[in-house]
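> quick one, what's the 3D model for this:
(2 chains)
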Protein chains: 2
Amino acid sequence: MQEIITLDYGSGGKKTARLIEELLVPAFSNPALDSLGDGAVIKGDGQLAFSTDSFVVDPIFFPGGDIGKLAVCGTVNDLAMCGAEPKYLSCALILEEGLPMDDLRRVVESIRMAAGKAGVQIVTGDTKVVEKGRGDKLYINTAGIGFLKYPGLSPKNIKAGDAVIVSGTVGDHGTAVMLARSGMMQGELTSDCAALNGLCKAILESGAKVRVLRDPTRGGVATTLNEFVEGSALGIVIDEDKIPVRPQVMAACGMLGLEPLYCANEGKLLAVVDAQDAEQVLKAMRGTEEGRDAALIGHVSAEYPGRLVMQTAFGGKRILQKLTGAQLPRIC
Amino acid sequence: MQEIITLDYGSGGKKTARLIEELLVPAFSNPALDSLGDGAVIKGDGQLAFSTDSFVVDPIFFPGGDIGKLAVCGTVNDLAMCGAEPKYLSCALILEEGLPMDDLRRVVESIRMAAGKAGVQIVTGDTKVVEKGRGDKLYINTAGIGFLKYPGLSPKNIKAGDAVIVSGTVGDHGTAVMLARSGMMQGELTSDCAALNGLCKAILESGAKVRVLRDPTRGGVATTLNEFVEGSALGIVIDEDKIPVRPQVMAACGMLGLEPLYCANEGKLLAVVDAQDAEQVLKAMRGTEEGRDAALIGHVSAEYPGRLVMQTAFGGKRILQKLTGAQLPRIC
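Okay, here's the model as predicted:
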């Protein structure tokens, strides 16, 4: 008989303890976690970054990743975008009754691998179980603590003339998940899900004047660039021709009625840097695995205050607003 | 028409932004949150406590509290039990499509009030929406950071002869939630849901030799006391007559087939302290609102290694094991 999660595993009693002691603690083992107190006691630092995300992606396994890898990379990236070195993660599971234990084992292994690769420790956690039909296989929340190494990154620093850089191809995660969900063309297109702390470090140690870094997840590149300038006296102009998009993503978006610029990314970042340092930053980015397709896609301009404007491939101009409504529900 | 949560609110686009900017940020307002970056930048400290819990309680409103108050108090308490001063919380919401906006507003207000009372700031958060039937109204994850003030609390410190103290009546939260769920006798019995950082401070600054503090939530007092001694050469003996239980809790437990010692508490703690300091600790506890019914309920003994033993009201002895299976699913 297939071993599955039952409500007993969330009781706080013996079965919860077994799950924690036999599956979770061995996978994530480190001194802070092993003590199994109410919380972890960890070494701190003078200035911290702190972030959280819940992950509800459907399906939980998709080409290029799964909900576990996503849960680690998502929070690591949020910390890295603050200019912090990600150090510690929490991991809280909401399991749906009936979840095959093998699926949970596979996700836990994926969390372990992603945390190891990103250089972070899972030091504390929680496990709850809800009845069948009150969840969807599993949801994961991670919160993370990073030590702030490069303070002061903020959209408020942006100046007219600054260069706008994307670290690689756009829309990979959103389209990969949508295709996996629809059952079409699985595997031809993979999520970009990756930890970007190494890439951030390369950018921030390149010597360039970096104004802000952000990973364009839900809402995509168009929404994040809008957030950089909304309510400010500056706008951003991007050049459609310069935005790297995989042909498969373009094709899938056409088929699904999506726009790559609004599709979620899980292993890409946008950087706004002093125009004079753009080449230096691109070089530093291209020296990393996650930034090898980095491209200069536009610049900051005083001409369109508060707006994101795209120069189209046909020579026209289009205002791109923030995403309205749910282009892609449960994409992360 | 009643305003409800739709999938759009989880898209990462305009509606998500509106929810965050019009409801969440004004409620929790503080400088770290207001900057709305990928994470919060906060002042740190040399040694930290870090904890997380997801809350899936059903029903979300119950006598004495709701899921919002619980989500704040639960994580504050986990940090306090580590000997830390709780400082910052994250708050991540998983909303089910169709949730009335008024319910969300009420929960958010409750989070705001509980955080204010406990003296913690909500500095970062996340909002996801899942389809109807993939959640249950709302789930909340909080993670918390505390500054470690009283290091070294651990069950490993326990010595034979130590006093075992409970901060008040046992089983209130579990029975209140079960009654609310069943629709019986609502209001006669209220959850003990409360932040215990003030109580912990009173204990730890009393000058007593404190071995370990822990809040007996899921699994109740019997499970937590088992955790203190399992695998060790020491046992704990408690005296049934000395355990404070409200008559209403006793009656409700009888009716529901539950045992108060296995019912969840959300505003109680267990303290193991040097026997010579027991009176001093009880006095310090009774000087606080949360500890006014504190009682000495037993002692640590070398006689029953690894066991929790109860001297019954009838003069017999009973071994109490950890909770097996789900006495009360979705109690927190």
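
> which SS state does A:V245 fall under?
Three-state assignment for A:V245 (DSSP: H, G, I helix; E, B strand; the rest coil): coil.

> measure the residue lying closest to it once chain neighbours are set aside to B:I297 for me?
Nearest non-adjacent residue to A:V245, counting by Cβ to Cβ, 6 or more residues apart in numbering or on different chains: A:P260, 4.8 Å away. Heads up, the C-betas are built off the backbone N, CA and C, glycines and all. Distance from A:P260 to B:I297, counting by Cβ to Cβ, to the nearest Å: 63 Å.

> give me the phi and psi for the nearest residue to A:V166 once chain neighbours are set aside.
In this structure, A:V166 finds its nearest non-sequential neighbour in A:I297, 5.2 Å apart by Cβ to Cβ, 6+ apart. Main-chain torsions, A:I297, degrees, to the nearest 10: phi -110, psi -10.

> buried sites along the longest helix along chain A?
In chain A, with assignment by DSSP state H, the single longest helix is helix A:101-118. Neighbour-count burial for helix A:101-118 flags A:103-104, A:107-108, A:110-112, A:114-115, A:117-118 (criterion: 16 or more other Cβ atoms under 10 Å in any protein chain shown).

> quick check: buried residues in the host helix or strand of A:I236?
Using DSSP states H and E, A:I236 maps to strand A:235-239. Buried residues in strand A:235-239, counted by 16+ other Cβ under 10 Å: A:235-239.

> related to what we said a few turns ago, residue contacts, the residue nearest to A:V166?
The neighbourhood of A:I297, defined by Cβ atoms under 8 Å, 6 or more residues apart in numbering or on different chains, consists of A:164-166, A:238-239, A:242-243.

> give me the below-cutoff pLDDT ranges for the stretch 201-332 of chain A.
Counting by pLDDT under 70, the stretch 201-332 of chain A contains low-confidence ranges at A:325-327.

> what segments of it are strands?
A:210-214, A:235-239, A:270-273, A:295-301, A:308-311, A:317-319 (DSSP state E, counting those that start in this stretch).

> which pair of the contacts of A:I297 spans the longest distance?
Pairwise distances across the contacts of A:I297 peak at 12.3 Å for A:I165 and A:D239 (criterion: Cβ to Cβ).

> so where's the stretch 51-200 of chain A uncertain?
If you take pLDDT under 70 as the line, the stretch 51-200 of chain A has these spans: A:185-187.

> export the contacts of A:I297 to a markdown table and tack on distance to A:D45?
Output for the contacts of A:I297, formatted as a markdown table (distance: Cβ to Cβ, whole Å):
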| residue | distance to A:D45 |
| --- | --- |
| A:V164 | 31 |
| A:I165 | 29 |
| A:V166 | 30 |
| A:I238 | 36 |
| A:D239 | 40 |
| A:K242 | 38 |
| A:I243 | 37 |
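
> please name the nearest non-neighbouring residue to A:L282.
Nearest non-adjacent residue to A:L282 (Cβ to Cβ, 6+ apart): A:A294, at 5.3 Å.

> check contacts around the residue of the stretch 101-250 of chain A found nearest chain B.
Closest contact between the stretch 101-250 of chain A and chain B, by Cβ to the nearest Cβ, is at A:R218 (2.5 Å). Listed by Cβ under 8 Å, 6+ apart, the contact set of A:R218 reads A:264, A:323, A:328, A:331-332, B:10-13, B:16.

> swap the cut-off to 10 Å and go again
A:53, A:173-174, A:224, A:262-266, A:323, A:326-332, B:10-13, B:16, B:128 (Cβ atoms under 10 Å, 6 or more residues apart in numbering or on different chains).

> ok, A:N226 next?
A:219, A:235-236, A:306-308, A:319-323, B:13-14, B:17.

> picking that back up, pull the CA atoms of the longest helix of chain A into CSV?
Coordinates of each C-alpha in helix A:101-118 appear next as CSV, following Å, rounded to 0.1, in the frame of the first residue of the first chain:
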residue,chain,number,x,y,z
MET,A,101,4.9,10.2,1.4
ASP,A,102,7.1,9.7,-1.7
ASP,A,103,6.1,13.1,-3.0
LEU,A,104,7.0,14.7,0.3
ARG,A,105,10.3,12.9,0.4
ARG,A,106,11.1,14.1,-3.1
VAL,A,107,10.2,17.7,-2.2
VAL,A,108,12.3,17.5,1.0
GLU,A,109,15.3,16.2,-0.9
SER,A,110,14.9,19.1,-3.3
ILE,A,111,14.8,21.6,-0.5
ARG,A,112,18.0,20.0,0.9
MET,A,113,19.8,20.3,-2.4
ALA,A,114,18.7,23.9,-3.1
ALA,A,115,19.6,25.0,0.4
GLY,A,116,23.0,23.4,0.0
LYS,A,117,23.7,25.0,-3.4
ALA,A,118,22.6,28.4,-2.1
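
> following that helix, which helix or strand comes up?
The helix or strand immediately downstream of helix A:101-118 is strand A:121-130, counting by DSSP H and E.

> direction included, what does the helix or strand just after that next one pair against?
The helix or strand immediately downstream of strand A:121-130 is strand A:138-148, counting by DSSP H and E. Looking at strand A:138-148 with DSSP bridges, its partner strands are strand A:40-55 (antiparallel), strand A:84-96 (antiparallel).

> and for A:I165 and A:D239, which residues touch both?
Here A:I165 and A:D239 share the contacting residues A:295-298, scored by Cβ under 10 Å, 6+ apart.

> any chance of the residues you listed in a markdown table, plus distance to A:P26?
A markdown table is the format used below for those (distance: Cβ to Cβ, whole Å):
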| residue | distance to A:P26 |
| --- | --- |
| A:A295 | 42 |
| A:L296 | 46 |
| A:I297 | 44 |
| A:G298 | 48 |
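
> now restrict these to buried residues only.
Buried subset of the shared contacts of A:I165 and A:D239 (neighbour count, 16+ other Cβ under 10 Å): A:295-298.

> out of the residues you listed, who's nearest A:E230?
Minimum distance to A:E230 across those is 16.2 Å, recorded for A:G298 (Cβ to Cβ).

> quick one: the nearest residue to A:S206 once chain neighbours are set aside from A:A271, how far?
Of all residues not flanking A:S206 in the chain, A:A284 sits nearest, at 3.8 Å (Cβ to Cβ, 6+ apart). To A:A271, A:A284 is 10 Å away according to Cβ to Cβ.

> any shared contact partners between the two?
Listed as contacting both A:A284 and A:A271 by Cβ under 10 Å, 6+ apart are A:199, A:203-204, A:208, A:291, A:294.

> what's the most distant pair in those?
Across these (Cβ to Cβ), the longest gap, 14.4 Å, separates A:L204 and A:A294.

> higher neighbour count, the two?
Neighbours were counted for A:L204 and for A:A294 using other Cβ atoms under 10 Å in any protein chain shown; A:A294 has more, 25 against 19.
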